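Chemist: No sequence on hand, only this structure:
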Ligand code: SAH
């Protein structure tokens, strides 16, 4: 096996068990290395410290697979990692009456670049890196052995693949193709998830626990669920007894699914409203119309894909938060999220603070939110914490 040596003074990743080694930390690269090839990683003195896969085309040149330099990266290794990852989900809170969850959360579960989500009898796999591309077939075989799903569908259509020199891959990997939307339960609520065309692997599983938290503020409330997608927060608000639920999204297809989900969960149609449009505009129009709400959820898509986009991203976050505050009755509840990894919690808090100043409102943080427990964050990999949110009272 090829050994890659790190530069003197660039071994921090090894000391902190950080799973990424950047190209600048590598002393010298063998020309013959194939994207995704497994290599040994040695410190500047030449002592082998870890195993990982290397992609010369990526800035994140190496992702660590094992801190045990004697381990073999073979099918048995993949089986051990996958089994451990699946076993970790068996005693997590928030998974009662739930048939969809993340089984493998990439770096944080010791399998960098690999996402596996379970939707009832189906699995969806995302391969984010050249390293996982090379291991994918064996991973799929092991998953079939361990879980016997009806099928594994691949949704490797993700923004990070081009940085690895990879194009999108979407299609069946093993077993049948889930032609119909898959019926799932989430904490007792029912959804139908389109694994072939839905966002991410089909559903925003990372918001599961937050939906429950927000629902607690919704009995009797008029709720605006902005960036609703297929109505996740709206369904929880409706089943918690909200008097009115407005789902707002730019996608008419997502809203059609949201309406179906409201009905499927017994939320009367007369309490539901769908608004198709650009939230930046619609929130302003609603202010002009003097509409008011008791609870507003803001769960926009990722605004910052890199640090360079932080200025425009923070402007976007500030704007929607300001508009939402204008629409809240005194004492109303703002639930606001950012899923941009580049925007950390403190920065996000400052952005919401800026909005509060401009809105001339006193705002308290009641609860701090993150991703659900099946999307864990490994302490040695703080980059894994991408989702942050606040439940705020806006006086
Ligand atoms: N809260 C949802 C997930 C939201 S994902 C859930 O719990 O399932 C973000 C959503 O924002 C997507 O559905 C996307 O269609 C929508 N979106 C993106 N840009 C938008 C815009 N400018 N205005 C309104 N919706 C937008």
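Modeler: Right, received. Where do you want to start? The model shown is predicted, which means the values in this text are computed figures rather than measured ones. Residues are numbered from 1 along each chain as shown.

Chemist: top strand in the protein by residue count?
Modeler: Ordering each strand of the chain by length in residues (DSSP state E) puts strand 328-338 first.

Chemist: Name every strand pairing with that one and say which way it goes.
Modeler: If you go by DSSP bridges, strand 328-338 pairs up with strand 293-298 (parallel), strand 388-394 (antiparallel).

Chemist: Quick check: buried residues in that strand?
Modeler: 328, 332, 333, 334, 335, 336, 337, 338 (16 or more other CB atoms under 10 Å). C-beta here means a position set from N, CA and C on the backbone, and glycine is covered the same way.

Chemist: And stretch 302-309, by the same measure?
Modeler: 303, 304, 309.

Chemist: My read is that the second one contacts residue 342, right?
Modeler: Same thing as residue 304. Yes: using CB atoms under 8 Å, residue 304 is in contact with residue 342, at 4.2 Å.

Chemist: Please enumerate the shared neighbours of those two.
Modeler: Among the neighbours of residue 304, those also in contact with residue 342 (CB atoms under 8 Å, 6 or more residues apart in numbering) are 310, 313.

Chemist: related to what we said a few turns ago, now the strands paired with strand 328-338 in CSV, with distance to the ligand?
Modeler: CSV is the format used below for the strands paired with strand 328-338 (distance: least, CB to the nearest ligand atom, whole Å):
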stretch, distance to the ligand
strand 293-298, 7
strand 388-394, 11
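
Chemist: who touches stretch 175-192?
Modeler: 94, 96-100, 119-122, 144, 149-153, 193-196, 202-203, 208, 211-212, 230, 232, 235-236, 239, 257, 260-261, 264-265.

Chemist: Check stretch 2-13 too.
Modeler: With CB under 8 Å, 6+ apart as the criterion, stretch 2-13 contacts 14, 18-21, 24-30, 33, 37, 39-44, 46, 48, 54, 62, 64.

Chemist: Quick one: name the residues of this structure near the ligand.
Modeler: 204, 207, 227-230, 232-233, 249-251, 254, 278-280, 299-301 (CB under 6 Å from any ligand atom).

Chemist: ChimeraX command to pick out the buried ones of these?
Modeler: Restricted to buried positions by 16+ other CB under 10 Å, the ChimeraX selection for the residues of the chain next to the ligand reads:
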select :204,207,227,228,229,230,232,233,249,250,254,279,299,300
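
Chemist: hmm, back to that, in helices only, show me the contacts of stretch 175-192.
Modeler: Residues of the contacts of stretch 175-192 located in helices (DSSP state H): 144, 208, 211, 212, 232, 235, 236, 239, 257, 260, 261, 264.

Chemist: farthest-separated two in those residues?
Modeler: Spatial extent of the ones in helices among the contacts of stretch 175-192 (CB to CB) is set by the pair 144 and 239 at 35.3 Å.

Chemist: about what we covered before: can you tell me which of the residues of the chain next to the ligand are in strands?
Modeler: residue 249.

Chemist: By mean pLDDT, point me to the weakest helix or strand of this structure.
Modeler: helix 12-15 (a mean of 90; mean pLDDT, DSSP states H and E).

Chemist: returning to that earlier point: between the buried residues of strand 328-338, which is nearest the ligand?
Modeler: Nearest to the ligand among these: residue 337, at 7.8 Å, using CB to the nearest ligand atom.

Chemist: Could you give the number of residues near the nearest residue to the closest one once chain neighbours are set aside?
Modeler: Counting by CB to CB, 6 or more residues apart in numbering, residue 389 is the residue found nearest to residue 337 once chain neighbours are left out, at 3.8 Å. Using other CB atoms under 10 Å, residue 389 has 25 neighbouring residues.

Chemist: Residue 389 bridge partners, please.
Modeler: Going by DSSP bridges, residue 389 forms beta bridges with residue 337, residue 369.

Chemist: Just to check, it is in contact with residue 370?
Modeler: Yes: the criterion here is CB under 8 Å, and residue 389 meets it with residue 370 at 7.4 Å.

Chemist: returning to what we had before: tell me the most buried of the strands paired with strand 328-338?
Modeler: strand 293-298 (a mean of 25; mean count of other CB atoms under 10 Å).

Chemist: List of residues touching that strand?
Modeler: For strand 293-298, the external contacting residues (CB under 8 Å, 6+ apart) are 214, 217-218, 220-228, 233, 237, 242, 246, 279, 320-321, 324, 327-329, 332-337.

Chemist: Helices of this structure, start to end?
Modeler: Under DSSP H, the chain gives helices at 12-15, 75-88, 130-147, 208-215, 232-239, 252-264, 279-288, 310-327, 345-359.

Chemist: Name the stretch among these that sits most buried.
Modeler: helix 232-239 (a mean of 28).

Chemist: Does anything pack onto it? Which helices or strands?
Modeler: Using 3 or more CB pairs under 8 Å, 6 or more residues apart in numbering; DSSP states H and E, the elements in contact with helix 232-239 are strand 189-193, helix 208-215, strand 222-226, strand 244-249, helix 252-264, strand 293-298.

Chemist: Same list (the ones you listed) but as a markdown table, adding mean pLDDT.
Modeler: Formatted as a markdown table, the helices and strands packed on helix 232-239 follow (pLDDT from 0 to 100):
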| stretch | mean pLDDT |
| --- | --- |
| strand 189-193 | 98 |
| helix 208-215 | 98 |
| strand 222-226 | 98 |
| strand 244-249 | 98 |
| helix 252-264 | 98 |
| strand 293-298 | 98 |
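
Chemist: Out of the ones you listed, the one nearest residue 174 is which?
Modeler: strand 189-193 (18.8 Å).

Chemist: Next one: residue 98 relative to the ligand, how far apart?
Modeler: Distance of residue 98 to the ligand, given as CB to the nearest ligand atom, to the nearest Å: 15 Å.

Chemist: Okay then, goodbye and thanks.
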